[in-house]
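>>> Fold the following, please.
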Amino acid sequence: MDRAVAIDVSHLSKSYDGHLAVKDISFQVYAGEVFGLLGPNGAGKSTTLRTLITLLSPTSGCATIFGLDSVRDADRVRQLIGYVPQERAIDRFLTGREHLELLGALYHLRKDEARRRIGELLKLVELEAHADRPAKTYSGGMKRKLDIACGLLPNPNVLFLDEPTLGLDVQSRLKIWDYIRLLKTRGMTVVMTTNYLEEADQLCDRLAIIDGGVIKTIGSPLELKVGLGGDIVSLTLKETDKIPSLESALKGQPAIKAVRATSKGLDIRVESPEKALPIILECANRAGCSVEFIQYNRPRLDDVFLAHTGRRIEEVPASDGP
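Sure thing, here's the model as predicted:
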């Protein structure tokens with residue numbers, strides 16, 4: 001059965017002062033799924049998100065949300081969506097409840113409806129006991145909970161989350177993950193940006209890996225990992241100066257699909273460890289390399305990012321771009 005399309009992005013590009021931040025990207029988001037844009041800082045994730053929520057107009061291409069054009073029908077699109085930015089301008093002297101009441105007035109919600117929604121949302125994000133405290137007394141995790149409550153206040157069909165757990169401690173991050181999963185069970189469509197591999201792996205039904213403003217691949221985390229084929233054999237060598245020679249010796253060998261140098265050895269993508277291991281050890285012996293440690297694992301999302309971009313996500317330098 002065909003799935004309903006919530007968002008349709010077609011050949012979307014966005015330029016800033018001659019810099020092409022997003023380059024001819026196309027993808028669809030299905031109703032009721034959690035869809036992720038995974039990539040490093042400056043990859044074009046936030047630019048894409050801001051275009052979808054009508055804050056930016058595309059330089060070329062188009063995007064629709066439930067059939068409404070993000071430019072021509074911007075006012076109607078805004079009635080369907082909620083948005084949680086990376087950093088919300090929280091007034092440190094207002095209480096959590098006052099933030100939501102102010103936002104309710106801006107959304108022109110009836111007072112009784114706003115009161116009901118605010119009560120529900122404070123309970124959802126577990127801020128009931130802290131609702132009447134000034135926001136300046138909130139922890140980072142509590143402020144993020146308030147952000148999400150603000151994004152949900154208009155009862156949107158689609159919730160956009162820009163780096164929802166950026167800068168949070170592990171416990172707060174896991175709590176936010178729980179809320180996102182809960183929203184999915186309620187049928188909400190969620191679009192999120194992240195540069196955390198584990199977050200994308202744990203939460204997203206499907207994701208697009210984006211780098212340099214270009215979408216490199218799209219699929220479910222499992223599909224993307226299985227699509228690489230084979231396992232990853234990681235070698236730790238005693239003599240790191242011999243890494244280049246062993247890397248060269250292994251490339252093109254039977255049962256070995258790809259080889260990449262690391263700081264302490266090699267990551268080798270293989271058809272099967274059983275076939276490849278004798279070849280790896282023989283090449284290491286010929287090259288005079290002492291292998292200190294060997295491990296292998298199924299492909300990880302980290303390996304998917306590497307295969308499609310040529311680098312690991314943490315190796316991508318920070319950018320001041322959008």
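>>> Okay, buried residues for stretch 292-302 please.
294, 296, 299, 300, 301, 302 (16 or more other CB atoms under 10 Å). All C-beta spots, glycine's among them, are computed from the backbone N, C-alpha and C.
>>> Let me fix that, I meant to ask about stretch 28-37.
Residues 29, 32, 33, 34, 35, 36, 37 are the ones in stretch 28-37 that count as buried (16+ other CB under 10 Å).
>>> any idea of the mean pLDDT in that stretch?
With pLDDT averaged residue by residue, stretch 28-37 scores 97.
>>> Following the helix or strand where residue 244 lies in sequence, what is the next regular element?
Secondary structure from DSSP states H and E places residue 244 in helix 243-250. Sequence-wise, the next helix or strand downstream of helix 243-250 (DSSP H and E) is strand 256-261.
>>> Tell me how far that following strand lies from the chain's centre.
A distance of 26 Å separates the centroid of the chain from that of strand 256-261, by CA atoms, centre = their mean, to the nearest Å.
>>> Now do it against helix 243-250: the angle between them, please.
170 degrees (axes from the mean of the first three to the mean of the last three CA atoms, to 10 degrees).
>>> Keeping just the C-alphas, turn strand 256-261 into CSV.
Taking C-alpha atoms only, strand 256-261 is exported to CSV below (Å, rounded to 0.1, in the frame of the first residue of the first chain):
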residue,chain,number,x,y,z
ILE,A,256,38.3,-7.1,0.7
LYS,A,257,35.9,-4.3,-0.4
ALA,A,258,37.5,-1.2,1.0
VAL,A,259,40.5,-0.2,3.2
ARG,A,260,40.9,3.0,5.3
ALA,A,261,43.7,4.1,7.5
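>>> For the helix or strand just after it, which helices and strands make contact with it?
Sequence-wise, the next helix or strand downstream of strand 256-261 (DSSP H and E) is strand 265-270. Applying 3 or more CB pairs under 8 Å, 6 or more residues apart in numbering; DSSP states H and E, one finds that strand 265-270 contacts strand 231-237, helix 243-250, strand 256-261, helix 273-286, strand 291-297, helix 301-309.
>>> again, only using 7 Å
With contacts taken as 3 or more CB pairs under 7 Å, 6 or more residues apart in numbering; DSSP states H and E, strand 265-270 sits against strand 231-237, helix 243-250, strand 256-261, helix 273-286.
>>> neighbouring contacts of it?
Residues from elsewhere that reach strand 265-270 (CB atoms under 7 Å, 6 or more residues apart in numbering): 228, 230-237, 243, 246-247, 250, 255-260, 276, 280.
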